[in-house]
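Colleague: what's the 3D shape of this:
(3 chains)
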Amino acid sequence: MNHVDVENDLKNALRRENAPEGFADRVLARAANRGSSPKAVPRNSWLDFFARPLVRWAALAAISAGTIFGVHVHNVRRQRAEGEAAKERLILALRIAGSKLQLAKSKVNEINANQTHGDQSQEEKE
Amino acid sequence: MRKTLLLLALFLSPAFLRAQEFKIPPDVEKLSAKARETVEVTMDGPMLRWASKFLSADDPEEAKAAKLVANLKAIYVRSFEFDKEGSYTSAEVEALRSQMHVPGWSRVVGVRSERDGDNVDVFFKLEDDRMAGIVIIDAEPRELTFVNIVGPIDVDQLADLGGEFGIPRLSAKSLAKAQKGEHR
Amino acid sequence: MAERTTPEQSGEIAESDFAEMVRRHQSMVFSIAQHFLADRPAAEELAQDVFLQLHSSLATLKSAEHVTFWLRKVTAHRCIDYKRRRKLPQVSLEDAPEPAAPARSGDPFLARRMRQFVASLPETPRMVVILRYQEEMGAEDIASALDMPLATVKSHLQRSLAMLREKVTRAIGEVTI
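Modeller: Below you'll find the predicted structure:
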């Protein structure tokens, strides 16, 4: 009987995985979009630059384009992750179906084997 | 003419067409509340197509799976594992089996084992002498599993997959040996 | 003249450290969620929410160790709540034996099966196992994180190990083809 070191196997199986690519950026983007900050940002003179309407609109346009692109990338990655999850479910379903078919076959084989053995014994007696 | 039209309406009625599909009885679905573990997979055609896109052609087992599901219409799995025996009734199992008493479906395997309490039924659906679906109902003392695969399926390939993905091909001898080991 | 205290002196965490915290702890938080939920999109969403909650709670945290403990605790609670609310189907495996070749330690397939075995445990014991073996937390810290008695944590660990041991033993048991 094989020695089973479950605790070691658990540590091995439950090793930390890398977070999905871009995870940190997405978190920081969401935190920034929430608009609230635990500490107030002191107003510096260089921020007055963004008070100009044209600069403000240009900055907004750039941020919007970046956000749209970021959302698109996020959606593509999310879809891929969802697809992988669906694939795993499909494999699981096929695995269960296949194993149950195997079980049915094995039971039939067992019955046939027992019957054959019984027939042979009967013939020997005769 | 009117009689013909009425008969046609009956055969094409949603009720009749639904009668040809296999439905999981609500009482069986509710078993998940009692089960320690439940596996529920419901995948229709579009979902199957999409999921199979992620099967890797480089992985031999996944490539086989991709070939197997290529023309399938749906896969349904419900598998309930219970803490103790007697968590589901024979009536609930019979509610599943009785739905197979419809034209087109034939029971090809029906095993009742008093020794270990395992009962397995396998049903095939044939259309124009070709496989069009399979249902497997496995009722064990602490587990009830229902599988319905809709569409043309290669049963041998499917059974082969029972030996892929880490589940072995069991022979009668090894099954008996494994069971002996369990009873030590 | 008013006395000024630095963030380190006051024991508070500066917001500018938030980005660094995310990068440092993203693997930990994501892995707890992923091992518990066995669903990558859900795990990422949950992990993001944990960090957003951290962002809101920075002022209450006193040290780097406190942040680590806080993240584990919040992630654990969010995972359990998430599962209970959504009643996600658990991945259940057949108790079928594994292929004839015995699994080796470090065998990626065994590791995958083990993760699936863990994902099949009931919610609370599952999280106890993850905190113990992924995060190598002691029973007392787990009890504190999950707000449960120490004896309960030990009981969950004992029973879960026994269950997992049985599943693994049967999975790599002597089955010939």
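Colleague: shaky segments in chain A?
Modeller: By pLDDT under 70, the low-scoring segments of chain A are A:1-4, A:35-53, A:117-126.
Colleague: Just checking the biggest helix by length in it against chain C, any contact.
Modeller: The longest helix of chain A (DSSP state H) is helix A:53-125. Yes: using Cβ under 8 Å from any Cβ of the partner chain, helix A:53-125 comes into contact with chain C via A:78, A:81, A:82, A:84, A:85, A:92, A:95, A:96, A:99. In short, each C-beta sits where N, CA and C put it, glycine included.
Colleague: May I see the PyMOL selection of the buried members of those residues?
Modeller: Here is the PyMOL command that picks out the buried ones among those, judged by 16 or more other Cβ atoms under 10 Å in any protein chain shown:
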select buried, chain A and resi 81+82+85+92+95+96+99
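Colleague: Which ones, among the residues of helix A:53-125 next to chain C, also lie beside chain B?
Modeller: Okay, of the residues of helix A:53-125 next to chain C touching chain B (Cβ under 8 Å from any Cβ), that's A:84, A:92, A:95, A:96, A:99.
Colleague: which of these sit farthest apart?
Modeller: A:84 and A:99 (22.4 Å; Cβ to Cβ).
Colleague: Doesn't residue B:108 belong to a strand?
Modeller: Yes: assessed with DSSP: H, G, I helix; E, B strand; the rest coil, residue B:108 lies in a strand.
Colleague: Was I right to think it contacts residue B:126?
Modeller: No: Residue B:108 is beyond contact range of residue B:126, at 10.1 Å (criterion: Cβ atoms under 8 Å).
Colleague: OK, now which residue of chain B is nearest to chain C?
Modeller: Going by Cβ to the nearest Cβ, chain C is nearest to residue B:37 of chain B, at 3.6 Å.
Colleague: Let's check: the centremost residue of chain C is which one?
Modeller: residue C:32 (3.1 Å; Cα atoms, centre = their mean).
Colleague: Chain B now?
Modeller: Central residue of chain B (Cα atoms, centre = their mean): residue B:147, 1.8 Å from the mean position.
Colleague: Could you list which residues are in contact with that residue?
Modeller: A:93, A:96, A:97, A:100, B:75, B:76, B:77, B:134, B:135, B:136, B:137 (Cβ atoms under 8 Å, 6 or more residues apart in numbering or on different chains).
Colleague: got the contact list for the nearest residue to the first one once chain neighbours are set aside?
Modeller: The spatially closest residue to residue A:93, leaving aside those adjacent along the chain, is residue B:41, at 4.2 Å (Cβ to Cβ, 6 or more residues apart in numbering or on different chains). For residue B:41, the contact set (Cβ under 8 Å, 6+ apart) comprises A:89, A:90, A:92, A:93, B:75, B:76, B:77.
Colleague: for residue C:130, same thing?
Modeller: With contact set as Cβ under 8 Å, 6+ apart, residue C:130 has these partners: A:14, C:32, C:35, C:36, C:118.
Colleague: so the third one touches residue C:133, yeah?
Modeller: No: under the criterion of Cβ under 8 Å, residue C:35 lies out of contact with residue C:133, with a separation of 9.2 Å.
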